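Enquirer: build the 3D model from these lines:
(one chain, ligands or ions: 1)
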Amino acid sequence: MKHITLIAGARPNFMKIAPIIHAIHEAQNNGADISYRLVHTGQHYDKKMSGSFFEQLEIPEPHMNLEAGGGTQAEQTANIMVRFEQELLANPTDLVLVVGDVNSTMACSITAKKLNITVAHVEAGIRSGDLSMPEEINRMLTDAITDLFFTTSELANNNLRQAGVPESRIHFVGNTMIDTLLKQRPNFKAPAIWEELKLSEKAYIVLTLHRPANVDEASQLKAMLDEIIENAEDLPLVFPVHPRTAKILEGLNVSHARLHMIEPLSYLEFNYLVEKAKAVITDSGGITEEASIMDVPCLTLRDNTERPETIELGTNELVGTNPENIKPYLQKLFAGNWKKTQPIPMWDGQTATRIVEVLKNL
Ligand code: UD1
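Expert: Presented below is the predicted three-dimensional model:
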């Protein structure tokens, strides 16, 4: 019997873990001797950041919720580690599987490894080279102690090879976030704002911002919003606001008739909006992948990316964090010159099945 502990902590983890759980259920139905325990660290705890994702993506109730959300980077990481160690001591496991690059990913992998438990990392090997991002530190530390690397791209494989990881431990399987996107695409549903604003296809822009570099400094956030509003022609801007960004916006007097700030949306509602948008402007990594698969122009307000395939093959462009850069990219968008997407190797909806195949045969 193989027993696996799966970790989910923050919003972008949920779409990555859902297909793995479904693939384990399928393997079990086919007689495989594999079981799992789902641990939610509680890093994200609002219904809008967590609960609705569990419902829509049909993720079972976690076996354990560590309720270690909130606090500073160190407080959150430490709380997750202390509580996850207790969880592992009480519930021994053969392998801990972490996904993505959030604080929960790093905290749980370190805790597991120090208890001599095998660690598998899904979305291993990607690098932005930007150590000012907590996610980059999380990626580097997690991969430094991971045993089994499940990767999304050839570039990730090369990063790992260069770091001395033996080929036998690298499994190029594709992207579980895209498994979820392809499965759920027929279920996307219009959020209330669609009717409220009488939105129509390709006649609005979706905006998301939450990176500390963009939102923690109020003047930077305001400058970006002003540039976007000024250069988005007459299109409405729909901005589902992340809790971190909401705290900063409270103290800022930003308002404009075309800027619609709303609560975070559920998965199916958010992707309905993205699929039908003229473009998405974001500082998220996952959204660049989803927009690429749906062939929606994506403007990334960051100076680097750990997902260069979304630029080379997808619809993503790195606009940077200087607000002055926004105008030329929006001009290009409105001139109708945006690139079309091309297939990305292995992003085919079958990634989780490949992962579980490897886990079964360990
Ligand atoms: C985290 C991830 C980031 C991911 C993002 C998506 C890390 C280092 N970063 O950033 O990679 O792209 O999630 O959302 O792990 N909060 C709420 N309700 C919640 C969750 C958070 O109010 O459900 C508040 C927290 O208390 C905190 C702030 O939002 O004040 C930020 O949350 P945190 O989990 O620390 O990091 P994120 O910015 O969400």
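
Enquirer: dihedrals phi and psi, the residue in the stretch 251-362 of the chain positioned nearest to the ligand?
Expert: Nearest residue of the stretch 251-362 of the chain to the ligand, counting by CB to the nearest ligand atom: residue 284, 5.9 Å away. Every residue, glycine included, has its C-beta placed from N, CA and C. When read as degrees, to the nearest 10, the backbone of residue 284 gives phi -80, psi 160.

Enquirer: what does residue 282 give?
Expert: The phi/psi pair for residue 282 (degrees, to the nearest 10) reads phi -150, psi 160.

Enquirer: so what's residue 202 closest to, chain neighbours aside?
Expert: residue 278 (4.7 Å; CB to CB, 6 or more residues apart in numbering).

Enquirer: for that neighbour, grab the count of nearby residues.
Expert: A total of 19 residues lie near residue 278 under the criterion other CB atoms under 10 Å.

Enquirer: could you do residue 220 as well?
Expert: Each residue near residue 220 was counted by other CB under 10 Å, and the total is 18.

Enquirer: with the one 3 residues further on instead?
Expert: Burial of residue 223 is recorded as 16 neighbouring residues (other CB under 10 Å).

Enquirer: isn't it up against residue 321?
Expert: No: counting by CB atoms under 8 Å, residue 223 stays clear of residue 321, with 9.9 Å between them.

Enquirer: which neighbours do these two share?
Expert: Common neighbours of residue 223 and residue 321 are not found (criterion: CB atoms under 8 Å, 6 or more residues apart in numbering).

Enquirer: related to what we said a few turns ago, so who does the residue of the stretch 251-362 of the chain closest to the ligand touch?
Expert: Contacts for residue 284 (CB under 8 Å, 6+ apart) come out as 12, 208, 210.

Enquirer: how near is the first one to residue 242?
Expert: Here the criterion is CB to CB, to the nearest Å. By it, residue 12 lies 11 Å from residue 242.

Enquirer: same question for the last one.
Expert: From residue 210 across to residue 242, the span is 4 Å (CB to CB).

Enquirer: settle it for me: which of these two has more neighbours?
Expert: Applying other CB under 10 Å to residue 210 and residue 242 shows that residue 242 carries more neighbours, namely 21 against 18.

Enquirer: so what's the more buried one scoring on pLDDT?
Expert: Model confidence at residue 242, given as pLDDT, is 97.

Enquirer: can you name the residues that contact it?
Expert: Counting by CB under 8 Å, 6+ apart, residue 242 touches 208, 209, 210, 215, 264.

Enquirer: ok, 6 Å please
Expert: Going by CB atoms under 6 Å, 6 or more residues apart in numbering, residue 242 touches residue 210.

Enquirer: next: residue 39.
Expert: Going by CB under 6 Å, 6+ apart, the list of residues near residue 39 reads 5, 7, 64.

Enquirer: for the stretch 51-200 of the chain, just list every one of the strands.
Expert: For the stretch 51-200 of the chain, strands defined by DSSP state E, counting those that start in this stretch occupy the ranges 64-65, 95-99, 118-122, 148-151, 170-172.

Enquirer: dump the ones you listed into TSV; add mean pLDDT and distance to the ligand as well.
Expert: Shown next, in TSV, are those (pLDDT from 0 to 100; distance: least, CB to the nearest ligand atom, whole Å):
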stretch	mean pLDDT	distance to the ligand
strand 64-65	98	13
strand 95-99	98	11
strand 118-122	98	15
strand 148-151	98	18
strand 170-172	98	23
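
Enquirer: now the phi/psi pair for residue 41, please.
Expert: phi -80, psi -20.

Enquirer: how close does it get to residue 323?
Expert: 35 Å.

Enquirer: ok, those two, which is more surrounded?
Expert: For residue 41 versus residue 323, the count of surrounding residues by other CB under 10 Å is larger for residue 41: 31 against 21.

Enquirer: follow-up on the earlier one: name the residues contacting each of residue 210 and residue 242.
Expert: In contact with both residue 210 and residue 242: no residue, using CB under 6 Å, 6+ apart.

Enquirer: and the stretch 1-150 of the chain, which of its residues are near the ligand?
Expert: Applying CB under 6 Å from any ligand atom, we find that the stretch 1-150 of the chain lies next to the ligand at 10-12, 43-46, 49-50, 69-70, 76, 101-103, 134-135.

Enquirer: repeat that with 5 Å
Expert: Residues of the stretch 1-150 of the chain lying close to the ligand by CB under 5 Å from any ligand atom are 10, 11, 43, 44, 45, 46, 49, 70, 102, 103, 134, 135.

Enquirer: my guess is the first one contacts residue 101. True?
Expert: The one in question is residue 10. No: with contact defined as CB atoms under 6 Å, residue 10 does not reach residue 101; the gap is 9.7 Å.

Enquirer: who's more crowded, these two?
Expert: Remark: of residue 10 and residue 101, residue 101 carries more neighbours, 28 against 22, as counted by other CB under 10 Å.

Enquirer: what sits against the nearest residue to residue 302 once chain neighbours are set aside?
Expert: Of all residues not flanking residue 302 in the chain, residue 283 sits nearest, at 5.4 Å (CB to CB, 6+ apart). Residues near residue 283 by CB under 6 Å, 6+ apart: 209, 211, 214, 301, 302.

Enquirer: pLDDT wise, what is the residue nearest to the fourth one when sequence neighbours are not counted at?
Expert: Closest residue in space to residue 301, ignoring its immediate chain neighbours: residue 283 at 4.8 Å, by CB to CB, 6+ apart. Turning to residue 283, the model gives it a pLDDT of 98.

Enquirer: what's the neighbour count on the residue in the stretch 151-300 of the chain that the ligand sits nearest to?
Expert: When scored by CB to the nearest ligand atom, the stretch 151-300 of the chain has residue 243 as its residue closest to the ligand, at 3.3 Å. Residues lying near residue 243 (other CB under 10 Å) number 14.
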